[in-house]
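K.L.:
okay, predicted coordinates and the sequence, questions at the end:
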Amino acid sequence: MPYHPHYICNLLQQLGFSFQKARFVSDHLDAAARNLWLTHTWPEILRLAREKQALILFADEASFAQWVH
């Protein structure tokens, strides 16, 4: 028997689950981590891309379409 989406929260609570919210912590706020990435990680990515004649693609996972199929 399918459940109506309005009542899923109640069902999960009855099963012992609780609401969890992710805490946003940006690496951009950590100057040391940012500097390490800029001076070591990024140059290594560029070197490997040039070596393999590869393209670097930047994508935003937050905008990934989540349509119902």
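P.N.:
Happy to help now that I have it. Numbering: from 1, shown residues only.
K.L.:
CA atoms for contacts and neighbours, from now on please.
P.N.:
Noted.
K.L.:
mind listing residues that contact the worst-scoring helix or strand of the chain on mean pLDDT?
P.N.:
In the chain, the helix or strand scored least confidently by mean pLDDT, DSSP states H and E is helix 8-14, which has a mean of 84. Residues outside helix 8-14 that contact it (CA atoms under 8 Å, 6 or more residues apart in numbering): S18.
K.L.:
ranges for the helices of the protein?
P.N.:
8-14, 31-36, 42-51 (DSSP state H).
K.L.:
out of those helices, which gets nearest to F58?
P.N.:
In terms of CA to CA, the element of the helices of the chain nearest to F58 is helix 42-51, at 12.4 Å.
K.L.:
hey, C-alpha coordinates of that closest one in CSV?
P.N.:
Taking C-alpha atoms only, helix 42-51 is exported to CSV below (Å, rounded to 0.1, in the frame of the first residue of the first chain):
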residue,chain,number,x,y,z
TRP,A,42,45.3,22.4,-8.5
PRO,A,43,48.8,22.4,-10.2
GLU,A,44,48.8,18.6,-10.0
ILE,A,45,45.4,18.5,-11.6
LEU,A,46,46.6,20.8,-14.4
ARG,A,47,49.8,18.8,-14.9
LEU,A,48,47.8,15.5,-15.2
ALA,A,49,45.3,17.0,-17.6
ARG,A,50,48.1,18.4,-19.9
GLU,A,51,49.9,15.0,-19.7
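K.L.:
L46: neighbour count?
P.N.:
For L46, the count of nearby residues is 14 (other CA atoms under 10 Å).
K.L.:
tell me how far it lies from I56.
P.N.:
Using CA to CA, to the nearest Å, we find L46 at a distance of 8 Å from I56.
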